[in-house]
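A.B. asks: Fold the following and give me the result.
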Amino acid sequence: MKLKSNIIKEQIIVLSVTALLALGCNNNNGKKESEEVPPVDSTQSTILNVNGEIFSIPSPIQTGFLLKNSGAVYNKAILNPANKSATYTTNFSKGVNLGIYGADLGYVTIYDQTQDALGYLNAAKKLADELGVAGAFDAPTITRFQKNLGNQDSMLVLVGVAYRSSDTYLKNNDRNDVSGLVLAGGWIESLYFATNTYKIKPTEEVKRRIAEQKSSLQSLIKLLTQFYSQPEYTEFVDNLNDLQTVFDGVEFKYTYQKPSIDPANKMTIINSTTEVKITPEQIESISQKIKSIRSQIVG
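C.D. replies: Take a look at the predicted model:
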């Protein structure tokens, strides 16, 4: 990985919680791009600032691209059915499932499943409206989304617009607990995607993405513990702590190698490596636990 040594510190980008769901991609299918979108590196995580805490979590969009690039085929069975949105009646269930539907919406968009995308857009809109997230999925956004069906880049951008709006509204109205739930839902769904995909299409990249969630989970627990006094959060955080216990056995071996300098391009090349040590048994345990946590959330 190459980093410009003179601007590394300035380029720690602090993003909002659900901007994780907003990252687009460069589409190589020849379609004309109608929205301005940044490229996504599915191997990298995003630096976040939530309630003043800075940590790194791979986005559901990044994970979706990683799974597709692994050769895994579209699997609708791993999604939370869009028509279940009506069954979520508390702010807790609405918040965490809004995050889950955001990951689902990103997944179906990445796989160019436009009809499914409409269903998940409507499910997310319903929960956002009921949470009182003003204007997140307003009529103009919905219209733009419908007009851009088939244009993956533009659809991903519009998903991002809606979720950034949700996050901004929640934070401006001192509802960081719900904002944290949206993040948690997206994280849980993307890990669920990864463990299911690994069973069918095991690759080193997907295995590494699963293992990397050890540190992400620690950050997520720290964030949600702030609201631990609320009954629904208590069980949720306890379950995540149980999952953390499973992750405790996952190891990372860091090997330092002196960086090399490219004076012509003013670049520092990082040569150090990190080896992941995770066993098939650990992956299976993680898979079973995340499946159990998710089942309690989606119902």
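
A.B. asks: what are the ranges of the helices in the protein?
C.D. replies: 60-69, 91-110, 114-130, 139-147, 152-172, 176-200, 204-224, 231-247, 280-298 (DSSP state H).

A.B. asks: Just the CA trace of the first one, in PDB.
C.D. replies: Extracted as PDB, the C-alpha positions of helix 60-69 are listed here (Å, rounded to 0.1, in the frame of the first residue of the first chain):
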ATOM      1  CA  PRO A  60     -21.100  -3.100   4.000                       C
ATOM      2  CA  ILE A  61     -20.600  -1.700   0.500                       C
ATOM      3  CA  GLN A  62     -16.900  -2.500   0.600                       C
ATOM      4  CA  THR A  63     -17.700  -6.000   1.900                       C
ATOM      5  CA  GLY A  64     -20.300  -6.500  -0.800                       C
ATOM      6  CA  PHE A  65     -17.800  -5.700  -3.500                       C
ATOM      7  CA  LEU A  66     -15.300  -8.000  -1.900                       C
ATOM      8  CA  LEU A  67     -17.800 -10.900  -2.000                       C
ATOM      9  CA  LYS A  68     -18.800 -10.200  -5.600                       C
ATOM     10  CA  ASN A  69     -15.100 -10.000  -6.700                       C
END
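
A.B. asks: Report the rounded mean pLDDT for that helix.
C.D. replies: Averaging pLDDT along helix 60-69 yields 81.

A.B. asks: and that helix, which residues are buried?
C.D. replies: Across helix 60-69, burial judged by 16 or more other Cβ atoms under 10 Å covers Pro60, Ile61, Gln62, Thr63, Gly64, Phe65, Leu66, Leu67, Lys68. Glycine gets a C-beta too; all of them are placed from N, C-alpha and C.

A.B. asks: coming back round to it: by mean pLDDT, show me the worst of the helices of the chain.
C.D. replies: When I compare these, helix 152-172 is least confident, with a mean of 61.

A.B. asks: Just put the buried residues of helix 60-69 in a markdown table and tack on distance to Asp238.
C.D. replies: Listed next are these as a markdown table, based on distance: Cβ to Cβ, whole Å:
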| residue | distance to Asp238 |
| --- | --- |
| Pro60 | 24 |
| Ile61 | 29 |
| Gln62 | 28 |
| Thr63 | 25 |
| Gly64 | 29 |
| Phe65 | 32 |
| Leu66 | 29 |
| Leu67 | 29 |
| Lys68 | 34 |
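
A.B. asks: what's the closest of the residues you listed to Leu220?
C.D. replies: For the buried residues of helix 60-69, the minimum distance to Leu220 (Cβ to Cβ) is 13.3 Å, reached by Pro60.
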